[in-house]
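Visitor: can't give you the sequence, but here's the structure:
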């Protein structure tokens, strides 16, 4: 437990507490004055107890702020006077007039005593409060419970992404196709590509023979003989052979008809014209 803090050192310079403490220290009475004052208070205790506080405050010119402290001091002094009344009652009874005169003569000393007692009461209360505050143990702050920090989970490193293998193009093997010889396409002489001048000449000659096949089949046969002589490998030889076979039958020349029938079968062995040729040949 430490000593209480000195209020005189702690109070701000010029404050009410500072002025009151310094006034009490400066106006402290000596021992003789204290004894005389106590005797005077014992003689006139009742009077001082009733109106001593108010008269002392007005006579000393004490401020309103210190009047309360003076009243409290007067009450304390009254109690002290009552306690010491028995002690000084004999003196009061034996010399009532003298005591009253002494009380009047020592009024000034009584006022100083009351002021000093009030200052002492105030100082004692403040000192007691300060001592209580100083002696009160400071509340110890409860130590915050240490929270055990959970270890941070170790994060496993992410596996490296697999290297993308270069996609190799899959070459589909084509199935082996057996090689086939090209099939020759049989084309009719009319579908063959020939020179325009030759084809035009063949068409003109064959057109004349065809026009004569119905009305004059014999003349049509002569036109066909002229055609074969002029175009032995012509593109329209198949059509000319069919027309000659039909014209020879109308003209009544079976030998010529069979000759043209053989040419028709040589060019094309299937079809209606081929059937006519076979019937002429008796096949």
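Guide: That came through fine. This structure is a prediction, so every number in the text was calculated from the model and none was measured.

Visitor: burial check on residue 257, number of neighbours?
Guide: 22 (other CB atoms under 10 Å). In short, each C-beta sits where N, CA and C put it, glycine included.

Visitor: correct me, but it touches residue 280?
Guide: Yes: using CB atoms under 8 Å, residue 257 is in contact with residue 280, at 5.6 Å.

Visitor: what do these two both touch?
Guide: Residues touching both residue 257 and residue 280 (CB atoms under 8 Å, 6 or more residues apart in numbering): 245, 249.

Visitor: so for stretch 263-270, what gets flagged as buried?
Guide: Buried residues in stretch 263-270, counted by 16 or more other CB atoms under 10 Å: 263-265, 267.

Visitor: the residues you listed into TSV, with extra columns for secondary structure and pLDDT?
Guide: Converted to TSV, the buried residues of stretch 263-270 look like this (DSSP: H, G, I helix; E, B strand; the rest coil; pLDDT from 0 to 100):
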residue	secondary structure	pLDDT
263	helix	92
264	helix	90
265	helix	91
267	helix	91
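
Visitor: just the element for residue 203, please.
Guide: Per DSSP states H and E: residue 203 is located in helix 196-215.

Visitor: for the helix or strand following that helix, buried residues please.
Guide: Where DSSP H and E defines the elements, the next helix or strand beyond helix 196-215 is helix 217-230. When burial is assessed from 16+ other CB under 10 Å, helix 217-230 yields the following buried residues: 217, 219-221, 223-224, 227.

Visitor: from those residues, which is closest to residue 271?
Guide: residue 224 (20.1 Å; CB to CB).

Visitor: what are the structural domain limits within the protein?
Guide: 7-135, 196-281 (automatic domain parsing).

Visitor: weakest of the ones you listed in terms of mean pLDDT?
Guide: Mean pLDDT values for these show the minimum at domain 7-135, a mean of 49.

Visitor: list the buried residues for the helix holding residue 203?
Guide: 199, 201-202, 205-206, 209-210, 212-213.

Visitor: need the residues you listed in a markdown table (columns: distance to residue 23).
Guide: Shown next, in a markdown table, are the buried residues of helix 196-215 (distance: CB to CB, whole Å):
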| residue | distance to residue 23 |
| --- | --- |
| 199 | 157 |
| 201 | 164 |
| 202 | 163 |
| 205 | 168 |
| 206 | 165 |
| 209 | 171 |
| 210 | 167 |
| 212 | 174 |
| 213 | 172 |
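
Visitor: much appreciated, bye for now.
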